[in-house]
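A.B. asks: predicted model and sequence follow; I will ask about them next.
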Amino acid sequence: MRSCIQKEDVKAGLPPAASAFDIDSVFIFWQQFCLKVENLKKYIESLDYDIAARVPWGDLTFDSNEGFVEGLPITHCWTAPKECFEAHQERWTEEYGVKMISEGQYLTFFTSSTPKGKEIVMEGAEEAKVCPSPASTLIMLQTKAKDSLKLEQLKMSDFAVEHYNSVEAALGLKNTLPQTKRKRLLYKIKKLFHR
């Protein structure tokens, strides 16, 4: 809780501790704030991963309804080392309808288009997981999540400022938060004596 309280809050003066305040409810609310913040951070991390994984595929999108239509070829996404792809590209294109999407420093990203049920054997290639959303959608979701995180952190700070003295009093640590004004005064006195 103390880490959420800024110097400005201390200067302004924290609200006095409520005498008949139930500290358990403060603890429950604080745990809820911590859980929300932790979950939002994990969500933002997962979006970071999805955005990074999506970038080499560009704006490649799939119609999810195509999977239910009989007779349409099935599209798979693959990665392979550049040399491996170059060596097998012609044969893979004939057999599996391979189409290169992009080329990284070490890997080539490509798709295959085959009839349903056809077994695909491409030695050296690995099937890739492609996030279904375009990168722009993921970035928008990430921005929204970051805004929500900032709002929760602000609420958390306000809650800490409002209830810190009550928690301190309940734990028997009354007035342990250093008063910034007093510290500044001591600093000025020390400075005077060191001249």
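C.D. replies: Yes, it's here.

A.B. asks: could you pull up the mean pLDDT of the one helix or strand D147 maps to?
C.D. replies: Using DSSP states H and E, D147 falls within helix 135-170. Mean pLDDT, helix 135-170: 83.

A.B. asks: next one: stretch 111-131
C.D. replies: Per-residue pLDDT over stretch 111-131 has a mean of 87.

A.B. asks: that stretch: end-to-end distance?
C.D. replies: End-to-end distance for stretch 111-131, by C-alpha to C-alpha, to the nearest Å: 14 Å.

A.B. asks: just the buried residues of stretch 122-131, please?
C.D. replies: Using 16 or more other C-beta atoms under 10 Å as the burial criterion, the residues of stretch 122-131 that qualify are 122, 125, 128, 130-131. The C-beta positions use only the backbone N, C-alpha and C, and glycine is treated the same way.

A.B. asks: same deal with stretch 70-85?
C.D. replies: 75-80, 84-85.

A.B. asks: quick check: closest non-adjacent residue to W78.
C.D. replies: Closest residue in space to W78, ignoring its immediate chain neighbours: A125 at 4.7 Å, by C-beta to C-beta, 6 or more residues apart in numbering.

A.B. asks: wait, I meant T114
C.D. replies: The nearest residue in space to T114 (C-beta to C-beta, 6+ apart) is Y96, at 5.4 Å.

A.B. asks: re the thing from before, now the buried residues of stretch 70-85 as a markdown table including secondary structure and distance to L47?
C.D. replies: Listed next are the buried residues of stretch 70-85 as a markdown table, based on DSSP: H, G, I helix; E, B strand; the rest coil; distance: C-beta to C-beta, whole Å:
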| residue | secondary structure | distance to L47 |
| --- | --- | --- |
| T75 | strand | 24 |
| H76 | strand | 24 |
| C77 | strand | 19 |
| W78 | strand | 24 |
| T79 | strand | 21 |
| A80 | strand | 27 |
| C84 | helix | 31 |
| F85 | helix | 29 |
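
A.B. asks: need the max-distance pair from those residues.
C.D. replies: Farthest pair in these (C-beta to C-beta) is T75 and C84. Separation: 20.4 Å.

A.B. asks: what's the helix holding D147 packed up against?
C.D. replies: Under the contact criterion of 3 or more C-beta pairs under 8 Å, 6 or more residues apart in numbering; DSSP states H and E, helix 135-170 touches helix 23-54.

A.B. asks: which strands and helices sit next to the helix it packs on?
C.D. replies: If you count contacts as 3+ C-beta pairs under 8 Å, 6+ apart, helix 23-54 packs onto helix 135-170.

A.B. asks: quick check: angle from the helix it packs on to helix 23-54?
C.D. replies: Helix 135-170 runs at 160 degrees relative to helix 23-54, counting by axes from the mean of the first three to the mean of the last three C-alpha atoms, to 10 degrees.
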